[in-house]
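# just to be clear, the model below is a prediction. Sequence and coordinates:
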Amino acid sequence: MAKPEYDYDEITEYVRTHYEEAFEKGYFKVYYQPVVRALTEEVCGYEALIRWIDPKYGTIPPFFFIEMLEQQKQIHRLDEFVIETVCSDLRDDFESGFAYQPISVNLSRLDFELCDIKAIADKCRAKYRIPVEYLVIEITESAIASEKARIGEKIQEFRRDGYQVWMDDFGSGYSSLNNLQMYDFDEIKIDMNFLKDFDTNDKSKVIIASIVHMAKLLGIHTLTEGVETKEQFEFLKKIGCEKIQGYYFGKPKPVEEFIRQIDCSFDTNENPKYKDFYDKIGMINFLSSVPLRPTTRNVYNNLPISIIVFNEKTESFSFLFANEANVKILETAGISSLQEAERIYTEREDLKQLMLDVIKKAEDSGTERISFEYKLNGREFSSRIRFIARQGKKTAFGIVTREKI
């Protein structure tokens with residue numbers, strides 16, 4: 001019988017003195033949690049999670065024994081056991097006649113120090129005849145930060161031989177962005193802590209959306225962990241996060257609890273033939289102003305935008321900023337420089353009066369965008385302007401301009 005509660009020091013000491021028994025008597029069990037494709041809501045993978053099912057204490061939480069096994073330099077034995085079990089279970093899946101999916105396994109930083117973890121993975125795959133695309137490698141952000149040189153080399157080795165390598169718990173540490181700059185990952189798993197204040201803190205949504213947007217620019221797939229509600233799922237789907245993992249779609253459970261006719265049904269599982277198909281769809285950036293253009297690492301906005309400042313004292317307009325797309329818009333009207341545009345806005349009376357009327361409406365309306373049209377050197381343009389800030393006699397406005405066709 002499992003104890004409903006237990007003392008922290010008591011269970012810690014128990015784990016320290018009984019982990020060998022757990023290995024010998026098979027107390028460690030692999031549980032599987034489904035990963036779901038956001039666009040289709042079909043299962044497209046699983047994460048292998050380890051549990052200690054103890055005859056005295058019941059289910060011992062992983063944070064007790066993972067840390068202890070790392071301290072005792074025995075964690076590689078556990079991770080080898082997980083890889084072996086996953087490959088064995090995958091072989092059963094392949095031969096079952098039901099649907100099967102890739103499974104990801106978590107590696108400790110010490111795996112790269114205490115053993116040749118890639119050789120172990122290769123050996124297990126060969127033993128059970130598992131194609132490389134069905135065993136996915138997850139490495140936590142903290143592991144990468146602590147063993148950069150050694151783990152960096154192994155990441156390259158894994159990927160070179162066809163393994164997918166994911167960064168787990170992205171955003172949980174201080175070096176997330178640096179890791180993305182230094183290493184190549186196929187997918188990032190956005191840390192579940194970003195969803196903790198989802199309903200009460202809009203910053204969480206902004207941060208998650210920013211991560212998804214950045215990942216797409218880098219050509220990296222995205223998965224968010226810890227999804228528990230429909231509202232969270234719908235938001236993640238809307239911003240283009242490709243995969244979802246969490247209690248909303250399923251809790252971790254051992255193989256013995258799977259009902260293949262239901263859990264492994266072809267109706268609820270993604271056909272592996274469509275993985276590449278959906279992966280390519282997943283790289284479309286819903287948050288981009290030009291989502292259908294090929295993905296590049298060009299960080300500049302293709303929407304013609306400028307920031308202008310009006311000086312009431314001199315009654316003049318000046319460009320504080322104009323992106324390349326905006327400059328090209330001006331060039332279509334025969335204007336070769338921002339300085340020339342400033343002179344035209346300031347000196348041409350009809351255009352100046354139009355701008356004065358528009359900026360007054362924009363400032364009076366606060367954050368509302370004001371639309372207006374005008375002609376310039378025989379070309380017709382449509383613009384939207386928004387008031388940004390005022391300091392004394394100077395006011396700043398953002399303008400997006402398009403040529404009318």
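That came through fine.

# and stretch 250-259, how far apart are its ends?
Using Cα to Cα, to the nearest Å, one end of stretch 250-259 lies 13 Å from the other.

# buried residues, that stretch. List them.
250, 252 (16 or more other Cβ atoms under 10 Å). In short, each C-beta sits where N, CA and C put it, glycine included.

# contacts made by it with the rest, please.
Applying Cβ atoms under 8 Å, 6 or more residues apart in numbering, the contact partners of stretch 250-259 are 29-34, 36, 47, 49, 51, 89, 92, 264.

# average pLDDT across it?
For stretch 250-259, mean pLDDT rounds to 97.

# centre of the chain versus that stretch, how much separation?
Mean-position distance between stretch 250-259 and its chain equals 26 Å (Cα atoms, centre = their mean, to the nearest Å).

# just stretch 267-276 next, same as before
That offset, for stretch 267-276, works out to 21 Å (Cα atoms, centre = their mean).

# got the buried residues for it?
269-270, 275.

# give the contact list for Ser382.
371-373, 401-404.

# go with 10 Å
Each residue near Ser382 by Cβ atoms under 10 Å, 6 or more residues apart in numbering is listed here: 371-374, 400-405.

# out of those residues, who's nearest Asn201?
Asn201 lies nearest to Val400 out of the contacts of Ser382, by Cβ to Cβ, at 29.6 Å.

# returning to what we had before: would a markdown table of the buried residues of stretch 267-276 with distance to Ile151, secondary structure and pLDDT be doable?
Converted to a markdown table, the buried residues of stretch 267-276 look like this (distance: Cβ to Cβ, whole Å; DSSP: H, G, I helix; E, B strand; the rest coil; pLDDT from 0 to 100):
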| residue | distance to Ile151 | secondary structure | pLDDT |
| --- | --- | --- | --- |
| Asn269 | 32 | strand | 97 |
| Glu270 | 30 | coil | 97 |
| Lys275 | 26 | helix | 94 |
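
# those into CSV, with extra columns for distance to Asp184?
Below are the buried residues of stretch 267-276 laid out as CSV (distance: Cβ to Cβ, whole Å):
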residue, distance to Asp184
Asn269, 29
Glu270, 25
Lys275, 19
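
# how many neighbours does Val43 have?
If you count neighbours by other Cβ atoms under 10 Å, Val43 ends up with 20.

# with the one 3 residues further on instead?
Using other Cβ under 10 Å, Tyr46 is surrounded by 24 other residues.

# what are the phi and psi values for the closest residue to it other than its chain neighbours?
Counting by Cβ to Cβ, 6 or more residues apart in numbering, Tyr46 lies nearest to Tyr32, which is 4.3 Å off, once chain neighbours are set aside. Backbone torsions of Tyr32, given as degrees, to the nearest 10, read phi -120, psi 130.

# before we move on, what about Asn323?
Dihedral pair for Asn323: phi -80, psi 170, per degrees, to the nearest 10.

# who does the helix or strand harbouring Lys118 touch, helix- and strand-wise?
Assigned by DSSP states H and E, Lys118 belongs to helix 117-128. Helix 117-128 makes packing contacts with helix 75-96, strand 103-107, helix 111-114, strand 135-140, helix 148-160 when contacts are defined by 3 or more Cβ pairs under 10 Å, 6 or more residues apart in numbering; DSSP states H and E.

# got the buried residues for that helix?
For helix 117-128, a neighbour-count test (16+ other Cβ under 10 Å) marks 117-118, 120-122, 124-125, 128 as buried.

# other residues contacting it?
Counting by Cβ under 10 Å, 6+ apart, 76, 79-80, 82-92, 94, 105, 107-108, 110-112, 116, 130-132, 134-135, 137, 154-155, 157-158, 161, 163 sit against helix 117-128.

# select only the buried ones of these in PyMOL?
Only the buried entries of the contacts of helix 117-128 go into this PyMOL selection, using 16+ other Cβ under 10 Å:
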select buried, resi 76+79+80+82+83+84+85+86+87+88+89+90+91+105+107+108+110+111+112+130+134+135+137+154+155+158+163
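
# which among the contacts of Ser382 count as buried?
372, 374, 400-401.

# any idea which of the residues you listed is closest to Pro294?
Within the buried ones among the contacts of Ser382, the smallest distance to Pro294 is 22.9 Å, found for Val400 (Cβ to Cβ).

# pLDDT score assigned to that closest one?
Reported pLDDT for Val400: 95.

# ok so it is a strand residue?
Yes: looking at Val400 with DSSP: H, G, I helix; E, B strand; the rest coil, it is inside a strand.

# among the contacts of stretch 250-259, who's most crowded?
Val36 (24 neighbours).

# wait, what's in contact with it?
Neighbouring residues of Val36 by Cβ under 10 Å, 6+ apart: 42-45, 223, 227, 233, 243-246, 248-250, 268-270.

# that one pairs with what?
Here Val36 shows beta-bridge partners Val43, Ile244, assigned using DSSP bridges.

# now do it against Phe98, distance only.
For Val36, the distance to Phe98 (Cβ to Cβ, to the nearest Å) stands at 17 Å.
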